[in-house]
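Q: Quick one, what's the 3D model for this:
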Amino acid sequence: THRPINDRIVLKNILSRMEKDVFKVIGRKPINLITARDIITILQGIEARGALDVAKRINQYCTQVFDYALVMNLCEDNPASGRGRIIKSRKVQHRPHLKDSELPTFLKALKTAKKNKMNLAVRLLALTFVRPGELRCARWKEFDLESKLWSIPADRMKMGREHIVPLSRQTIEALEELRGLTGRSEFVLHGQRLTKPVSDVALIEAVKDLTQGKGRPHGFRHTASTILNEQGYAPDHIEAQLAHVEENKVRGTYNKAQYLEPRRKMMQDWADYLDQRAAANK
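A: From the prediction side, this is the model:
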């Protein structure tokens, strides 16, 4: 039987990486004579060129190879086991985002700004904290204002599965205002042409203008996640709202409800919190 084409591609990529970074160093050495120092030398060489993710993957591949060799009595220990700990972690680069203390200034600017298409788009980003592309390409048919739900189809989601966004009262108000401006198009945020969505550049510039350069469209996700976690909302509910993949795939498969009811409350609480911050005298 033949392996599925995707499996063959994955195996080909793994073999290519091993040939490039591993076989050249220890490919001719008997497997039972390969030492931890050999593996560390390989990993440090990859690390030196800044390919930290590649180094971690290579260590995983080597660990699997030696685990198999142990089962086959080809060696007595696994010199790759645990060596990934020597690889320095890549410093996470967070996108520019607003801190809680910066929300009042931003929200005041948003409240006093002209109710045009782009300013309403920024308000929707702040209220829903979806990914910018999910909002930019949103179509009116995805919204059920009566049920207060936005159903983003799987083909527009980063993780390839439908995402349900509960809509707060404030979000529905913004959508109704927006419909008066863009309702002739299938797109909630159409571009210069009614048949095309607004550009990512236009959304970036709108956010930068209203945040005095401190924020970016994707940053609202970081801001909301930070504040909601600090306020004690269930991490599972926050992660579900962010449409992050469930690490436990079995649990993710059976968790079809995606905590919809508690997320309804959380999203209304979030919208109310933004109203409170807008009224803050800071």
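Q: name the helices or strands packed onto the helix or strand Lys111 falls within?
A: Lys111 is part of helix 103-112 when elements are defined by DSSP states H and E. Contact partners of helix 103-112 among helices and strands, from 3 or more C-beta pairs under 8 Å, 6 or more residues apart in numbering; DSSP states H and E: helix 117-128, helix 200-210, helix 260-278. To be clear about C-beta, it is placed using only N, CA and C from the backbone, and glycine gets the same treatment.
Q: Can you give the distance from the last one to the centre of its chain?
A: This means helix 260-278. What separates the centre of helix 260-278 from the centre of its chain is 21 Å, taken as C-alpha atoms, centre = their mean, to the nearest Å.
Q: Send me that helix as CSV with only the CA atoms.
A: Coordinates of each C-alpha in helix 260-278 appear next as CSV, following Å, rounded to 0.1, in the frame of the first residue of the first chain:
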residue,chain,number,x,y,z
LEU,A,260,-21.0,29.2,24.0
GLU,A,261,-23.2,30.2,26.9
PRO,A,262,-20.4,31.3,29.3
ARG,A,263,-18.8,33.1,26.3
ARG,A,264,-22.0,35.0,25.8
LYS,A,265,-21.7,36.4,29.3
MET,A,266,-18.0,37.0,29.0
MET,A,267,-18.3,39.0,25.7
GLN,A,268,-21.1,41.1,27.2
ASP,A,269,-19.0,41.7,30.3
TRP,A,270,-16.1,42.7,28.0
ALA,A,271,-18.2,45.2,26.1
ASP,A,272,-19.5,46.7,29.4
TYR,A,273,-16.0,46.9,30.7
LEU,A,274,-14.9,48.9,27.6
ASP,A,275,-17.8,51.3,28.3
GLN,A,276,-16.6,51.7,31.9
ARG,A,277,-13.0,52.4,30.7
ALA,A,278,-14.3,54.9,28.2
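Q: Give the other helices and strands that that helix contacts.
A: Using 3+ C-beta pairs under 8 Å, 6+ apart: helix 260-278 touches helix 103-112, helix 117-128, strand 163-166, helix 169-182, helix 219-230, helix 235-241.
Q: Please apply the same query to the shortest one.
A: Helices and strands touching helix 200-210, by 3+ C-beta pairs under 8 Å, 6+ apart, are helix 103-112, helix 117-128, helix 132-136.
Q: helices and strands around the next helix or strand along the chain from the last one, which ones?
A: This points to helix 132-136. Per DSSP H and E, the first helix or strand lying C-terminal to helix 132-136 is strand 143-144. Packing contacts for strand 143-144, counted by 3+ C-beta pairs under 8 Å, 6+ apart, involve strand 149-152.
Q: Packing partners of the strand it packs on?
A: Going by 3+ C-beta pairs under 8 Å, 6+ apart, strand 149-152 lies up against strand 143-144, strand 163-166.
Q: Relative to that strand, what are the paired strands and their orientations?
A: Next to strand 149-152 in the sheet, as set by DSSP bridges, lie strand 143-144 (antiparallel), strand 163-166 (antiparallel).
Q: Identify each buried residue in that strand, please.
A: Within strand 149-152, the residues that count as buried by 16 or more other C-beta atoms under 10 Å are 150, 152.
Q: try stretch 218-229
A: Neighbour counts over stretch 218-229 (16+ other C-beta under 10 Å) mark 218-228 as buried.
Q: Check the gap between the nearest residue to Gln44 once chain neighbours are set aside and Ile34 for me.
A: Leaving aside its chain neighbours, Gln44 sits nearest to Ile86 (7.5 Å; criterion: C-beta to C-beta, 6 or more residues apart in numbering). Going from Ile86 to Ile34 by C-beta to C-beta, to the nearest Å gives 16 Å.
Q: tell me which element Gln60 falls in.
A: Going by DSSP H and E, Gln60 is in helix 52-71.
Q: Run the chain-centre distance for that helix.
A: On C-alpha atoms, centre = their mean, the centre of helix 52-71 falls 27 Å from that of its chain.
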